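Peer 1: mind looking at a prediction? Sequence and model below.
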Amino acid sequence: MSLRLNGQFLLAGAIGAILASLLIFLLPGPDGVGGPGSIPTNAVFVISGVFLLVGLPALYRAQAKQIGRWGLVGVMLLWVATVLLFFVLSGVQILDVTVPGSIPHPGGEGPPPLAIIPMILGVVLTLIGGVIVGIMTIRARVFAAAIGWIILVSPVLLLLTALAGNGLLGVMLTSICLGLFYAGLAWAGAALSFRRNPTQISASEVQRN
């Protein structure tokens, strides 16, 4: 697969992820915004996840020589986080909505452990992977430095949103941080998709950005 096509998958997946984050509020699940997402919302998450899994390697391929093994580790962590957040978590929520009682809720109200575990792991891996990829991207100077800063800062802010709890405010802050993170990925995907030579972005271009 060409790097340009890889970038287009990354762009499409990131845009889909941003859309899904908005659908949480536009099409809430049966228990409201704080409960499991609706089937259309989770379907968009799953479809976006497929594109992201194919597109995320572009982050490494475009700057492999500059970011080395640490960059590869960071991208791999983001890849695993995508599996957890877009497939495992969405799958649990879809099953919880379509087949009531199929997912155990030991604590009564609130999200079940089967949803909490992949969500926490996904956020932690996004944080670690985002910090690594963000730092390495800034140093590599293949993409605009702002892309690296967005990928670096947004997962850190996402971790801080845990202090807001699971209410409406917490969900809103989480969606904003995730939207910012995927906006950074979309920017990287667009840079690869619309450059004449996506395998190399010159330092002069980076400075102009």
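Peer 2: Done, it's in. None of these values were measured; they are calculated from a predicted model.

Peer 1: so how far is stretch 21-38 off the chain centroid?
Peer 2: Going by C-alpha atoms, centre = their mean, to the nearest Å, the spacing between the C-alpha centre of stretch 21-38 and its chain's C-alpha centre is 18 Å.

Peer 1: list the buried ones in it?
Peer 2: Of all the residues in stretch 21-38, those buried under the rule 16 or more other C-beta atoms under 10 Å are S21, L23, I24, P28, G29, G34, G35, P36, G37, S38. C-beta: built from backbone N, CA, C; applies to glycine.

Peer 1: residues of the longest helix anywhere in the chain that come out buried?
Peer 2: In the chain, taking DSSP state H as the definition, the longest helix is helix 113-140. In terms of neighbour count (16+ other C-beta under 10 Å), helix 113-140 has its buried residues at 114-115, 118-119, 121-123, 125-138, 140.

Peer 1: from the contact counts, what lies against that helix?
Peer 2: Counting contacts by 3 or more C-beta pairs under 8 Å, 6 or more residues apart in numbering; DSSP states H and E, helix 113-140 packs against helix 64-82, helix 89-98, helix 145-160, helix 168-193.

Peer 1: run through who's touching the third one.
Peer 2: Contacts of helix 145-160 from elsewhere in the structure, counted by C-beta atoms under 8 Å, 6 or more residues apart in numbering, are 123, 126-127, 129-131, 133-140, 174, 177-178, 180-181, 183-185, 187-188, 191, 206, 209.

Peer 1: just the C-alphas of the helix or strand containing P40, formatted as CSV.
Peer 2: Under the assignment given by DSSP states H and E, the secondary-structure element containing P40 is helix 39-55. Output of helix 39-55 as CSV, limited to C-alpha atoms (Å, rounded to 0.1, in the frame of the first residue of the first chain):
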residue,chain,number,x,y,z
ILE,A,39,-26.0,1.6,17.9
PRO,A,40,-25.4,4.2,15.1
THR,A,41,-22.8,5.9,17.2
ASN,A,42,-20.9,2.7,17.9
ALA,A,43,-21.3,1.6,14.3
VAL,A,44,-19.5,4.8,13.2
PHE,A,45,-16.8,4.1,15.9
VAL,A,46,-16.3,0.6,14.5
ILE,A,47,-16.1,1.7,10.9
SER,A,48,-13.7,4.5,11.8
GLY,A,49,-11.6,2.0,13.8
VAL,A,50,-11.1,-0.1,10.6
PHE,A,51,-9.8,2.9,8.7
LEU,A,52,-7.6,3.9,11.7
LEU,A,53,-6.0,0.5,12.0
VAL,A,54,-5.0,0.6,8.3
GLY,A,55,-3.9,4.3,8.5
